[in-house]
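>>> any chance you could fold what I've pasted below:
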Amino acid sequence: MGLATEATQTDGLIHGALAMSMITPTQPMATPAVSEWVPSSESLYRLTVDEYERIADGLDSPVELVDGYLVAKMTKKPPHVIACEKTRDALMRTVSAGWRVMSEAPVRIPEYNEPEPDLALARGTVEDYLDRHPGPADVGLVVEVADSSLRRDRKRAHVYGPSGIPVYWIVNLVDRQVEVYSTLGPDGYGPSEILKPGQAVPVVIDGIKVGQIAVSDILP
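Purely as a prediction, here's the structure:
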């Protein structure tokens, strides 16, 4: 190979290297910032129970209607599931004919609530509710099992009480106790009664004590 040819190739390599060094690396596309805008309560639209029931079948996520807003249902851990089943079985052994135990079924509380409590006692039979959900006049007791949902379930006393549902239990897995709300006043329930293992929860239906369930029998 001649000297002229070698010089030409060397110049080409140098120019190529210089050209590559001047190329600006492609910068990754910036991720769009997530909006931190939070709507004011005045700008939110509250669904009525009628509106909610018209759209509920088309919703992909498990939700319930609380105070007019769609609320995501929480994932249940094994202790929560066991406590629900133990409480359901205890109620089924205790309540008399004419009442049915519902699990995670809607309770229709006009005008803005249709929660799905973990358990509820509804008057009558399955056939009585073929074309409607039970309302407060049909319900003798609602039960929520609470672990991570404890704060939210305590707030639900302000949904169940003012509607006229006579008794509300919270099976509190955090503190291992049962909280019973049963004193109804103009604004809902009064203070709850706290029952611990070694004590029993009275089962009161239509103002009559029909039995009792040991707290230790329904805690996991």
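
>>> for Leu70, see how far away Pro117 is.
With the distance defined as Cβ to Cβ, to the nearest Å, Pro117 ends up 17 Å from Leu70. For the C-beta atoms, the positions are set from N, CA and C on the backbone; glycine is no exception.

>>> Gly188 versus the most centrally placed residue in the chain, what's the distance?
Central residue of the chain (Cα atoms, centre = their mean): Lys73, 2.8 Å from the mean position. Lys73 sits 23 Å away from Gly188 when distances are taken as Cβ to Cβ.

>>> what do you get for Thr48?
Summarising the geometry, the distance separating Thr48 from Gly188, computed by Cβ to Cβ, is 21 Å.

>>> which of these two has more residues huddled nearby?
When Thr48 is set against Gly188 and neighbours are counted by other Cβ atoms under 10 Å, the residue ahead is Gly188, at 18 against 15.

>>> beta partners for the more buried one?
Each beta-bridge partner of Gly188 is listed here, defined by DSSP bridges: Gly185.

>>> could you number the chain from 14 rather than 1 from now on?
Yes, from this point I'll number from 14; that puts the last item at Gly201.

>>> for it, give me the pLDDT.
Note on Gly201: pLDDT of 89.

>>> was I right about it contacting Pro175?
Yes - Gly201 lies in contact with Pro175 (Cβ atoms under 8 Å); the separation is 4.4 Å.

>>> show me the contacts for Glu140.
The contact partners of Glu140, by Cβ atoms under 8 Å, 6 or more residues apart in numbering, come to none.

>>> show me what Ala135 is bridged to.
Ala135 forms beta bridges with Arg113, Val152, as assigned by DSSP bridges.

>>> after the helix-or-strand element of the chain with minimal mean pLDDT, next one along is what?
Confidence across the helices and strands of the chain bottoms out at helix 16-34, with a mean of 45, counting by mean pLDDT, DSSP states H and E. Following helix 16-34 in sequence order, the next helix or strand is helix 62-68 (DSSP states H and E).
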